[in-house]
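[1] I need the structure of the sequence given here:
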Amino acid sequence: MAEENHQEETLNMKPRRKPPHFALIHGMSLGSWCWYKIKCLIEVSGFTVTCIDLKSSGIDSSSADSLTSFDQYNQPLVDFLSSFPEQEQVILVGHSAGGLSLTSAIHRFPKKICLAVFIGASMLRYGLQTDEDMKDGVPDLSEHGDVYELGFGLGPENPPTSAIIKPEFRRQLLYHMSPQQECSLAALMMRPAPILALTTAKFEEEEEDTEHVPRVYIKTLHDRVMKPEQQEAMMKRWPPNQAYELDSDHCPFFSNPFVLFGLLIKAAVSVGSI
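    Presented below is the predicted three-dimensional model:
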């Protein structure tokens with residue numbers, strides 16, 4: 001009996017692994033608010049989640065026209081990871097242009113990331129370095145005509161500093177499979193994106209452990225912004241550890257949140273994070 005009690009005490013003394021901490025990164029013109037359904041699903045499942053507003057997004061008061069570098073735009077994620085406990089790791093999830101933030105974090109903080117999940121996102125190993133990078137990782141909406149409202153924070157003689165898709169094109173391009181109430185929410189919350197800052201997203205490997213960070217790609221099959229062929233090209237150039245397909249438009253957190261949540265959990269299980 002004494003031996004059994006000793007074994008039970010020994011088992012109880014083993015440290016329990018903390019549940020995974022998810023950090024969700026939005027895409028252009030969106031903000032942490034766009035993840036509200038996914039945040040709820042993650043939290044009621046017993047996991048921790050942080051939704052981050054990048055500079056000039058969500059409730060961040062910065063102006064997109066004031067940002068001229070990707071490092072400025074991405075600073076909130078850098079601050080979050082810098083303050084994250086050394087002995088813990090995070091699951092980073094990025095949508096659309098948020099994939100650039102994920103890649104930057106993989107280079108700078110590989111030991112703090114147990115999994116990076118790209119959702120219809122730019123996944124370019126060194127960012128926007130070449131014409132091929134721009135072709136694969138930047139949306140080309142020219143076939144739809146003049147779809148952007150542009151801002152010229154440095155004057156009309158210089159390249160635009162911000163952009164947002166015009167209201168009349170948003171449902172057609174961004175969330176044609178999403179409920180109408182999500183479109184109404186987005187209409188209230190979307191803000192111009194700092195496109196000049198985003199074009200400076202160029203990375204160099206800063207840590208030897210970069211390639212040890214598992215990556216999962218979730219392909220958005222009916223995406224009219226980050227087209228499926230672009231997603232395939234990026235996966236071919238920098239193959240992820242695992243890839244899934246999702247019946248959704250460009251915004252699966254609106255159009256197919258329950259399946260998206262299931263894939264996030266499946267991805268975390270596949271690398272032993274859960």
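
[2] For Ser57, which non-adjacent residue is spatially closest?
    Gly31 (4.3 Å; C-beta to C-beta, 6 or more residues apart in numbering). For every residue, glycine as well, the C-beta is placed using N, CA and C.

[3] Could you check how many residues crowd around that neighbour?
    Gly31 has 20 neighbours, counted by other C-beta atoms under 10 Å.

[4] Which pLDDT value goes with it?
    Per-residue confidence (pLDDT) for Gly31: 98.

[5] so who does it touch?
    With contact set as C-beta atoms under 8 Å, 6 or more residues apart in numbering, Gly31 has these partners: Asp53, Leu54, Ser57, Gly58, Ile59, Asp60, Met189, Arg191.

[6] Count the residues that sit near the fourth one.
    For Gly58, the neighbour count with other C-beta under 10 Å is 19.

[7] rewinding a little: quick check: the farthest pair among the contacts of Gly31?
    Using C-beta to C-beta, the contacts of Gly31 span at most 14.1 Å, a distance reached by Leu54 and Met189.

[8] Who has more neighbours out of the two?
    Leu54 (29 against 15).

[9] From what I see, the more buried one and Ala23 are in contact.
    No. Using C-beta atoms under 8 Å, Leu54 is not in contact with Ala23; the gap is 11.8 Å.

[10] now the stretch 151-274 of the chain, which segments are flagged as low pLDDT?
    Residue ranges of the stretch 151-274 of the chain with pLDDT under 70: 206-207.

[11] can you pull out the strands in it?
    162-165, 215-220, 242-246 (DSSP state E, counting those that start in this stretch).

[12] which ones are touching Gly46?
    Gly46 sits next to Pro19 when contact means C-beta under 8 Å, 6+ apart.

[13] quick one on the thing from earlier: list residues touching both of Leu54 and Ala23?
    Joint contacts of Leu54 and Ala23 (C-beta under 8 Å, 6+ apart) are Leu77.

[14] Work out the gap between stretch 180-194 and the centre of the chain.
    Relative to its chain's centre, stretch 180-194 lies at 17 Å (C-alpha atoms, centre = their mean, to the nearest Å).

[15] Buried residues, it. List them.
    By 16 or more other C-beta atoms under 10 Å, the buried positions in stretch 180-194 come out as Glu182, Cys183, Leu185, Ala186, Met190, Arg191, Pro192, Ala193, Pro194.

[16] Distance check, Pro156 against Ala187.
    The gap separating Pro156 from Ala187 is 27 Å, by C-beta to C-beta, to the nearest Å.

[17] for Val269, same thing?
    With distances taken as C-beta to C-beta, Val269 is found 36 Å from Ala187.

[18] Across the sheet, point out what pairs with the residue nearest the centre of the chain.
    Geometric centre of the chain, nearest residue: Gly94, 1.2 Å, by C-alpha atoms, centre = their mean. For Gly94, the beta-bridge partners are Ile25, Phe118 (DSSP bridges).
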